[in-house]
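Q: Build me a model from this:
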Amino acid sequence: MENAASGYPSGDLPHQRTREKTVIAKPRPGRGQPTRYKPEYSDQAKKLCELGATCKELAEAFGVDRKTIRNWQVANPEFRQAIEAGRRVALGDGPSFKRAIKAAVEAAGVSATVVSQANAIVRYAPDLVEPLLGDAMSFNHAVREAVRRRKAASQR
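A: Modelled structure (predicted):
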């Protein structure tokens, strides 16, 4: 029996849901748009990742969506390996970013205590940074105020 309004057999309207298990169709070769991926993209992606490019930036460089970059990584192992290799070069095998900052601070002769105090000022008393930099307030006074605000925040 057909539904007169739609021409579909009754009970088979496309928008009706059934309680049957949903079967996900496997992709069939030759279906959909052909891929825009080219083998030379692997070398380009590696060079971009060595410079610190993200997936979003790769997508912009290749003129595709960010999801397409992810799909290319799944479908093309050489593309994924090139991106991973580029990121390893960008991140380096040396110390992490925080360790590099710590090493730079120590090389400049600034103690870890002073860095910690400065972090407390920035986090708990950001309104005091400008007067501190403009020499309108002493560093020790700003530290005391930041510590006071941190204690007040923890008591709430």
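Q: Need the phi and psi values for the residue positioned nearest the centre of the chain.
A: When C-alpha atoms, centre = their mean is applied to the chain, the residue found nearest the centroid is T54 (7.6 Å). Per-residue torsions, T54: phi -90, psi 170 (degrees, to the nearest 10).
Q: Give me the helices and strands touching the longest helix anywhere in the chain, please.
A: In terms of residue count, the longest helix belonging to the chain (DSSP state H) is helix 139-155. When contacts are defined as 3 or more C-beta pairs under 8 Å, 6 or more residues apart in numbering; DSSP states H and E, helix 139-155 sits against helix 112-124, helix 129-133. All C-beta atoms are positioned from the backbone trio N, CA, C, and that covers glycine.
Q: how much space between the residue nearest to the centre of the chain and R88?
A: 15 Å (C-beta to C-beta, to the nearest Å).
Q: in this protein, which helix or strand is least confident?
A: Of the helices and strands making up the chain, the lowest-confidence element is helix 97-107, at a mean of 65, by mean pLDDT, DSSP states H and E.
Q: the domain parsing of this protein - what is it?
A: Using automatic domain parsing, the domain parsing of the chain gives 41-91, 97-155.
Q: My read is that K46 contacts A82, right?
A: Yes: because the distance of 4.0 Å satisfies C-beta atoms under 8 Å, K46 is recorded as touching A82.
Q: just to revisit the earlier point, single out the most deeply packed of the domains of the chain.
A: The highest average neighbour count among the domains of the chain, using mean count of other C-beta atoms under 10 Å, belongs to domain 41-91 at a mean of 16.
Q: starting at the chain centroid, how far to that domain?
A: Distance, stretch centre to chain centre, for domain 41-91: 14 Å (C-alpha atoms, centre = their mean, to the nearest Å).
Q: contact partners of stretch 72-92?
A: When contacts are defined by C-beta atoms under 8 Å, 6 or more residues apart in numbering, stretch 72-92 is touched by residues 35, 37, 39, 41-43, 45-53, 58.
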